[in-house]
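S.K.: got a structure for you, letters missing:
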């Protein structure tokens, strides 16, 4: 038998065996997958209970609260204690664009974990009713100003931030993003 024919037949035989093996694996997979779907929909199934429990223990990606309400995340809590509209800083150098006002926001950030975490003034933004987000305005004479730092395990950070927003906008929200990686956010209706 010629050499090319000998290897060609072996190659075809090898392909045929491989094809049959893949077909058997596919049938077994469909059988297992189908039976798994049926049992999860039946009453008394434990897989549905596990999903519900996992949702309870999961750290939510976005929490919405109002002023004075506590937003609880896995490792921290945030409370907006007070909001002052038409805030006027003590210095005369702060200028506000026509049609805008300054809003002072006083927050408490508490570490409820056993590990420290850092915070930054730029973790906070204010969103107006048009969806425009703005970072805090720097006012050097602002008492107890939020800047950046670490909150130790069990520790608390309290401070003020000021934002320039459209005058009289009733749809303002403070948006706090915990970090870039986890993208957990707290939205506080002001």
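M.R.: Yep, it's here. The model shown is predicted, which means the values in this text are computed figures rather than measured ones.
S.K.: Let me know the average pLDDT across stretch 88-99.
M.R.: Here stretch 88-99 scores 83 as its mean pLDDT.
S.K.: same deal with stretch 175-190?
M.R.: 82.
S.K.: again with stretch 119-132
M.R.: pLDDT averaged over stretch 119-132 gives 95.
S.K.: Next secondary structure after the lowest-mean-pLDDT helix or strand in the chain?
M.R.: Of all helical and strand segments in the chain, the minimum by mean pLDDT, DSSP states H and E falls on helix 46-57, at a mean of 32. Counting by DSSP states H and E, the next helix or strand C-terminal to helix 46-57 is strand 62-66.
S.K.: Which neighbours in the sheet does that following strand have, and how are they oriented?
M.R.: Here strand 62-66 is paired, per DSSP bridges, with strand 185-189 (parallel).
S.K.: buried residues in the strand it pairs with?
M.R.: 185-186, 188 (16 or more other Cβ atoms under 10 Å). Yep, even glycine has a C-beta here, placed from its N, CA and C like the rest.
S.K.: end to end, how far does stretch 138-151 reach?
M.R.: Using Cα to Cα, to the nearest Å, the end-to-end distance of stretch 138-151 comes out at 22 Å.
S.K.: Enumerate residues external to that stretch that contact any of its residues.
M.R.: 76, 89-91, 94, 104, 106-107, 109-111, 116-121, 124, 136, 157-162 (Cβ atoms under 8 Å, 6 or more residues apart in numbering).
S.K.: what's the neighbour count on residue 183?
M.R.: Residue 183 has 10 neighbours, counted by other Cβ atoms under 10 Å.
S.K.: my bad, residue 96
M.R.: 16.
S.K.: now it: how far from residue 157?
M.R.: Distance of residue 96 to residue 157, given as Cβ to Cβ, to the nearest Å: 27 Å.
S.K.: now residue 74
M.R.: From residue 74 to residue 157 the distance is 17 Å (Cβ to Cβ).
S.K.: Could you check which of those two has the larger neighbour count?
M.R.: In this view residue 74 and residue 157 are compared by other Cβ under 10 Å, and residue 157 has more residues nearby, 19 against 13.
S.K.: Surely residue 162 is in contact with residue 137?
M.R.: Yes. Contact criterion Cβ atoms under 8 Å: residue 162 and residue 137 qualify, at 5.0 Å.
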